[in-house]
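In: need coordinates for the following:
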Amino acid sequence: MADYITAETIRALRERARLTQRELAERVGVTDKAISKWETGRGLPDVALVAPLAAALGVSPAELLTDAWATNRNVAANMRRSLFHVCPVCGNVIHAMVGASASCCGIALPALDAEEPDEGHAISVACTDGELYVTMDHPMEKGHFVSFLAYVTDDRLDLRKLYPEQGCEARFAYRGTGDVYALCNRDGLFSLRGVSTRCLRGR
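Out: Coordinates of the predicted model:
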């Protein structure tokens, strides 16, 4: 049986559109309680609401039904396909949205493969006052430190460069579902995918 619209899809698209549940409800012509039920898997939108829901969320009905919006085929416009190249000599960070040839200090730099955080590289994300507060319990010594923390959403990259002896933390303005990256100078790149904590400014 074909999949229908998922709770995760509705919530992620609403957050991407920067709409509250009430604002989305008004655009679709339902109550905010209905939106809440759809986003928590306790109900499904009627088929007659697919077109107005898609229009309110800024996608086509086909994208809404198939999750095609999540895999933007225009790779140049999808920041969540981000690649990072890091120079081992000077620490320069080169960002690309699609495959690229990168070099620095006379060295060809491969794109780093991001791994899921392990016990020694756990990434903590808290939401407060419209911000993501990202921290790691990680050494910040000259020989072993986190080089940067980054927050990537569909249309933007925010990167905080870190240095030894600093705290391993960063604050980013919350802009919806995204991925958080951390680069350890010894162990490589780690990524916490799909960070989607509800974080509306002033709430």
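In: pLDDT-wise, which helix or strand of the chain ranks last?
Out: Of all helical and strand segments in the chain, the minimum by mean pLDDT, DSSP states H and E falls on helix 61-66, at a mean of 79.
In: how about G120, what does it touch?
Out: By CB atoms under 8 Å, 6 or more residues apart in numbering, the contact set of G120 is H138, D187. For glycine as for every other residue, the C-beta is placed from the backbone atoms N, C-alpha and C.
In: which neighbouring elements make contact with the least confident helix or strand of the chain?
Out: Applying 3 or more CB pairs under 8 Å, 6 or more residues apart in numbering; DSSP states H and E, one finds that helix 61-66 contacts helix 50-57.
In: and the helix it packs on, how far out from the chain middle?
Out: 23 Å (CA atoms, centre = their mean, to the nearest Å).
In: send over that helix as PDB, restricted to the C-alpha atoms.
Out: What follows is the C-alpha trace of helix 50-57 in PDB, where atoms were taken according to Å, rounded to 0.1, in the frame of the first residue of the first chain:
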ATOM      1  CA  VAL A  50      -3.900  17.700   0.200                       C
ATOM      2  CA  ALA A  51      -3.800  20.500  -2.400                       C
ATOM      3  CA  PRO A  52      -4.400  23.400   0.000                       C
ATOM      4  CA  LEU A  53      -2.000  21.900   2.600                       C
ATOM      5  CA  ALA A  54       0.700  21.500  -0.100                       C
ATOM      6  CA  ALA A  55       0.100  25.100  -1.200                       C
ATOM      7  CA  ALA A  56       0.300  26.400   2.300                       C
ATOM      8  CA  LEU A  57       3.600  24.500   2.900                       C
END
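In: which residues are in contact with that helix?
Out: Counting by CB under 8 Å, 6+ apart, helix 50-57 makes contact with 5, 10, 13-14, 16-17, 19, 24, 27-29, 45, 60-61, 63-65, all of which sit outside it.
In: returning to that earlier point: just the buried positions in the least confident helix or strand of the chain, please.
Out: E63, L64, L65 (16 or more other CB atoms under 10 Å).
In: pull out the buried residues from the contacts of helix 50-57.
Out: Applying 16+ other CB under 10 Å to the contacts of helix 50-57 flags I5, I10, L13, R14, R16, L19, L24, V28, P45, E63, L64, L65 as buried.
In: so which of those are in helices?
Out: I10, L13, R14, R16, L24, V28, E63, L64, L65 (DSSP state H).
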